[in-house]
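J.: A predicted structure for the sequence below; I have some questions about it.
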Amino acid sequence: MARGLQKIQSQQKSQAKQADKKSAHDNKKSAQAGLQYQCIVCKAQLPDPKTYKQHFENKHPKAPLPDQLKEVVA
């Protein structure tokens, strides 16, 4: 009957792993919610205006700076 106990323990371990996988999806959603700004040229999502300005200056140097980024201090 030892196998019966091992089976129960294995099922519990498997359920714990499945619960961890589900929580990983929740982390992805919360990280996605933190990305509030979107580049008008390439549609990249960025967390704050300072990072957005740095991205814009480095990736799109020929494009004119958007009005919302002109007052941001780098």
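T.: Great, that's in hand.

J.: okay, now K17: neighbour count?
T.: By other C-beta atoms under 10 Å, 9 other residues sit near K17. The C-beta positions use only the backbone N, C-alpha and C, and glycine is treated the same way.

J.: Check which helix or strand it maps to.
T.: Following DSSP states H and E, one finds K17 within helix 2-34.

J.: Can you name the next helix or strand after that helix?
T.: In N-to-C order, the element after helix 2-34 by DSSP H and E is strand 37-38.

J.: How far off centre is that following strand?
T.: Relative to the mean C-alpha coordinate of its chain, strand 37-38 is positioned 13 Å out (C-alpha atoms, centre = their mean, to the nearest Å).

J.: what's the answer for stretch 43-58, then?
T.: 15 Å.

J.: now swap in stretch 28-46 and tell me
T.: That offset, for stretch 28-46, works out to 8 Å (C-alpha atoms, centre = their mean).

J.: Not counting it itself, show me its contacts.
T.: 47-49, 51-52, 55-56, 59-60, 63, 66 (C-beta atoms under 8 Å, 6 or more residues apart in numbering).

J.: Just the terminal-to-terminal distance for it.
T.: 15 Å (C-alpha to C-alpha, to the nearest Å).

J.: And the residue most central in space within the chain, how far from V41?
T.: With distances taken as C-alpha atoms, centre = their mean, A31 lies nearest the centre of the chain, 3.5 Å away. Separation of A31 from V41 (C-beta to C-beta, to the nearest Å): 23 Å.
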